[in-house]
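In: please find the sequence and the predicted model below.
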Amino acid sequence: MSHVLDLFVFVDALGWEICEWAEAFPGLDVTRRPLETQFGYSSACLPTILSGASASEHGHWNMFYRPAERPTFRRLRWLRHLPGDLRVPNRLAGPVNRLIKRSAGLSGYFALHQLPLQRLAEFDVCEREDIFAPDAFPQTGSILADVRDAQLAAHVSDWRAPEAARWDALSAALAGPRRLDWAFLYLAELDGLLHRHGWPHASPRARIAADARRLQALVRRAEGLGYEVRLALFSDHGMANCRQTVDLRRQLAPLPCREGRDYVAFLDSTMARYWSEDERVLASLRAELERTPGVLVLEPQTLEAWGAYFPGGEYGDLIALVEPGTLLVPSDMGRRAIAGMHGYAPDHPDSWAALLSNYEVEPEVTRLADLRQLMSAPLRACAAA
Ligand SMILES: [Zn+2]
């Protein structure tokens, strides 16, 4: 008798529109549907997939934030005395990121990007611990804790390993001493190609086709080993092509209030976030942002509807978002324009994620937050047996 393996494949940035354009994974044709994403970047979307909760509930939104207590980089506060804005050049990013991670005791994903070292201790990071650790989300729980508690034979990709090694590790686990019940394959390289080239472009299309062939070969191998593979593949968000840039720091420069003295700012690629204790400062920043074409100040009710409202202001007292296809350049994430970006309004089609599977998925699964329920179906079946 065959042994059922529930295989979940995560493909970073395989948006619904990209899926349609590239005719991605044609073998997965029983369920093919768009999924509503979580507003934010992968630092918010992946926790939503794993925890089944919104960012407001699991607490992870944009990577850098400003909670009242900011212990992580306290030992690096001395850096603020260095002159100028010291940004780490790309060729040194790997070793510097590792050094900071070690000194701050971080076990999650961390990248400084283009944040000047002088400003690092103004912030903390939401991903201090590995989000794939089963107990990473104490408020909401995680599918990985559910799987552990159900004592399923499970395999979860190591996100730190190179992508080729993740395929190999799953392939090896299929033939391991205990038959696998549940597996999660993590694929993230498509995201980088789409940032670099946008779409339509031959390079991301070739990558999707290569992944589809590799997945087909993996399923055939599993079937040869006596498995019946129930396969669901999903993403976290889509990708918009970038057509224009806005330099918000320059735009705000004529105002009488000054960054560093009157307010703290963090510029993500598509969002600008400001903190100040002075309401007049926030009001003057807001007025200038509202005058800027392509920039939308996000009101609490919008953030709440998008699952990213933090009443304590830890992710920003004032938050602005740019239109799809616009990029903040320079920002604290990058100094130059790139071809593709995500992190726009979640209801825009460029933002939609995708769900494909070789079996019928319940119609209620329509959002990223529903994927925990999808991934826990084999656990419920197990408990019922
Ligand atoms: Zn990305």
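Out: It's in.
In: quick one: contacts for the most centrally placed residue in the chain?
Out: When CA atoms, centre = their mean is applied to the chain, the residue found nearest the centroid is Ser42 (0.4 Å). Taking CB atoms under 8 Å, 6 or more residues apart in numbering as the definition of contact, the neighbours of Ser42 are Asp12, Asp191, Asp236, His237. Placement of C-beta: from N, CA and C, glycine included.
In: filter the residues you listed down to just the ones in helices.
Out: Asp191 (DSSP state H).
In: now distance to Ser284 and neighbour count too, for the contacts of Ser42, in CSV please.
Out: Compiled in CSV, those are given as follows (distance: CB to CB, whole Å; neighbours: other CB atoms under 10 Å):
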residue, distance to Ser284, neighbour count
Asp12, 38, 20
Asp191, 37, 21
Asp236, 36, 29
His237, 33, 30
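In: grab the nearest non-local neighbour of Ala173.
Out: Among residues not flanking Ala173 along the chain, His155 sits closest, at 4.2 Å (CB to CB, 6 or more residues apart in numbering).
In: no wait, Leu289
Out: Leu289's closest residue in space is Ala320 (CB to CB, 6+ apart), at 4.7 Å.
In: that neighbour - that's part of a strand, no?
Out: Yes: applying DSSP: H, G, I helix; E, B strand; the rest coil, one finds Ala320 inside a strand.
In: report how many residues lie close to it.
Out: Neighbour count for Ala320, taken as other CB atoms under 10 Å: 23.
In: how far away is it from Pro116?
Out: According to CB to CB, to the nearest Å, Ala320 stands 21 Å off from Pro116.
In: just Glu57 next, same as before
Out: Look at Glu57 and Pro116: by CB to CB, they are 32 Å apart.
In: do Arg286 as well
Out: Looking at Arg286 against Pro116, where the rule is CB to CB, the gap reads 25 Å.
In: now do Ser203
Out: 32 Å.
In: confidence score at Gly84?
Out: Note for Gly84: predicted pLDDT of 86.
In: before we move on, what about Ala385?
Out: Ala385 carries a pLDDT value of 67.
In: cool, and Trp199?
Out: Looking at Trp199, its pLDDT reads 97.
In: separation between the nearest residue to it once chain neighbours are set aside and Pro204?
Out: Take Trp199 and drop its neighbours on the chain: the residue closest to it by CB to CB, 6+ apart is Ile18, 5.7 Å away. Ile18 sits 7 Å away from Pro204 when distances are taken as CB to CB.
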